[in-house]
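Asker: Got a predicted structure here, sequence first:
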Amino acid sequence: MRLVWVLLCTAPLVAQPVPLSLKRAVELAIAPEGNTRVRLTEEALKQAESRSAQSRAALLPDLSAAFTDQNLTRNLAAQGIQISVPIPGFHFPEFVGPFSTMDARVSASQSVFDFSSIRRFQASKVGVSAAKADINGSAEQVAAQVARAYLAAVRADADVEAAQANVTLSEAVLKQAENQKAAGTGTGIEITRARVQLANDRQRLLVAQNARRAAGLQLLRAVGLRLDTELVLTDKLQYVPVDPVTMQQAKAQALKERPDLEAQQEREATARLSASATKLERLPTVAAFGDYGSSGASLDNSLPTRTIGISVRVPLFDGGRRDARRAESASQYRAEKVKTNDLKEQIELDVRLALDALRSAEEQVKVSKEGLELAENELAQARRRYEAGVAIGVEVTDAQSRLERARDNQTAALYNYNVGRIDLAQAMGAVRKSVE
């Protein structure tokens, strides 16, 4: 008894299954510590903010302080200082020192007129806005990815349930065939046929169970959870009607809400400002500078000194580097404009395809529901006819196969419909809103 108690106390605790809804899965994935893609876009925003701070630094005062205390010797001949005029009783030295010098100084400089730096700072601020839009875009894409992974896992659960129902039905049909043979109204071939059907259904059940495990792992990976977590999906495949929307309404909302389009428009604005900054490099720049400090042989005998001035820099010729940069930045701006137009056309294509797929999936759901009801009625009638002795077992087996296909068709139709809803929401930039 004591050994049993020790084993129970030292045995590892069994992890409890974690209930997970679609809404909760999306929330976990787009959290700051969730999906890897979300974390990477957060870091990209921090990098953009750092670049903006660097650009702003060019417009702010630059302050520095320095203190030097030196003990020197100098070879005047090496410096080109040679005095050959003879002076009676005096020889001009070639080597001087050692002597000490000290200088303590604060220096400052301030850009007064530099339109190019101003434009670069403006471009960097727009780059920060683009990075923020990229975060929203990544969150939308991650939400859509998680939603599809969740639906795939839910479909896998439904496939397992359908496969288990098929096994149960095959066992009932086999039992009926054995009863009919025992009653003298059945044959051995009907029992064999029922056993073959049962073996096939058990094989499909094993395949469905393996697919469910794979779908669960894919969902865990998409959400960002540990792969050894056991999940219990609380949502099921079902038909939930969506609000009717026209093509023009969906397109207008997509152009307004899609975060990837907003990010691309911000990148286009960044490229435009960067191109403008490169053009402004040809203008003169004005800067003020100054310093103040004490210099002398030591702190005791130092004297205050200062420098104040204005510098004007006029670019004249640099070997064509500025012209090459202007051409490059202009090309980058044109490329971003092409990307923006292409994305708008892609958005329209996404909306059209999503609407067509959703309408088709909605019709599939209606047809599959009708087909399932007919297949269930057909199997019930075939079993009654077989039990009454007016039909053979082939009718039951055929009706059973058609019922299994009808179940698969309904599962596929519901899955396609729900995926169509996610596709339309993603095309319109509203995946996160649709799963709330």
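Answerer: Cool, the structure landed. Numbering: from 1, shown residues only.

Asker: Name the spans of the stretch 301-436 of the chain whose pLDDT lies under the cut-off.
Answerer: Counting by pLDDT under 70, the stretch 301-436 of the chain contains no low-confidence segment.

Asker: in which helix or strand would I find the residue lying closest to A44 once chain neighbours are set aside?
Answerer: With sequence-adjacent residues excluded and distances taken as CB to CB, 6 or more residues apart in numbering, A44 is closest to A131, at 5.4 Å. Every residue, glycine included, has its C-beta placed from N, CA and C. Following DSSP states H and E, one finds A131 within helix 115-182.

Asker: The helix or strand hosting V38 to helix 115-182, inter-axis angle?
Answerer: Applying DSSP H and E as the criterion places V38 in helix 36-57. Using axes from the mean of the first three to the mean of the last three CA atoms, to 10 degrees, one finds that helix 36-57 and helix 115-182 are set 180 degrees apart in direction.

Asker: centre of the chain versus helix 36-57, how much separation?
Answerer: 15 Å (CA atoms, centre = their mean, to the nearest Å).

Asker: packing partners for it?
Answerer: Judged by 3 or more CB pairs under 8 Å, 6 or more residues apart in numbering; DSSP states H and E, helix 36-57 is in contact with helix 115-182.

Asker: So what's the gap between the helix it packs on and the chain middle?
Answerer: The chain centroid and the centroid of helix 115-182 are separated by 15 Å under CA atoms, centre = their mean.

Asker: So for the lengthiest strand in the chain, mean pLDDT?
Answerer: Counting residues, the longest strand found in the chain (DSSP state E) is strand 95-113. For strand 95-113, mean pLDDT is 90.

Asker: Kindly report the same for stretch 265-275.
Answerer: Mean predicted lDDT for stretch 265-275 stands at 92.

Asker: Please state the offset of that stretch from the chain centre?
Answerer: Mean-position distance between stretch 265-275 and its chain equals 22 Å (CA atoms, centre = their mean).

Asker: quick revisit: what angle do the longest strand of the chain and helix 115-182 make?
Answerer: On the basis of the same axes, to 10 degrees, strand 95-113 is oriented at 70 degrees to helix 115-182.

Asker: mind listing what strand 95-113 pairs with, with the direction of each?
Answerer: Within its sheet, and counting by DSSP bridges, strand 95-113 is paired with strand 62-75 (antiparallel), strand 285-296 (antiparallel).

Asker: okay if I get the ones you listed as a markdown table plus mean pLDDT, distance to T229 and mean neighbour count?
Answerer: Output for the strands paired with strand 95-113, formatted as a markdown table (pLDDT from 0 to 100; distance: least, CB to CB, whole Å; neighbours: other CB atoms under 10 Å):
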| stretch | mean pLDDT | distance to T229 | mean neighbour count |
| --- | --- | --- | --- |
| strand 62-75 | 91 | 53 | 11 |
| strand 285-296 | 92 | 59 | 15 |
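
Asker: among the ones you listed, which is nearest Q197?
Answerer: Closest approach to Q197 among the strands paired with strand 95-113 is made by strand 62-75 (84.5 Å; CB to CB).

Asker: circling back to that earlier point, can you lay out the strands paired with strand 95-113 as JSON lines showing distance to H91?
Answerer: As requested, the strands paired with strand 95-113 are exported to JSON lines (distance: least, CB to CB, whole Å):
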{"stretch": "strand 62-75", "distance to H91": "16"}
{"stretch": "strand 285-296", "distance to H91": "29"}
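
Asker: between the ones you listed, which gets nearest to V18?
Answerer: Set against V18 and scored by CB to CB, those come closest in strand 62-75, at 55.4 Å.

Asker: about what we covered before: would you mind checking the average pLDDT for the helix holding V38?
Answerer: 91.

Asker: Please identify the buried residues of that helix?
Answerer: Using 16 or more other CB atoms under 10 Å as the test for burial, helix 36-57 gives R37, V38, T41, A44, L45, A48, E49, R51, S52, S55.

Asker: what does stretch 325-341 give?
Answerer: By neighbour count on 16+ other CB under 10 Å, the buried set for stretch 325-341 is R325, R326, S329, A330, Q332, Y333, E336.

Asker: ok, residues contacting it?
Answerer: 261, 264-265, 267-268, 270-272, 274-275, 277-279, 281 (CB atoms under 8 Å, 6 or more residues apart in numbering).

Asker: can you give me the helices in the stretch 151-300 of the chain?
Answerer: Ranges of helices in the stretch 151-300 of the chain, per DSSP state H, counting those that start in this stretch, are 188-223, 247-257, 259-279.
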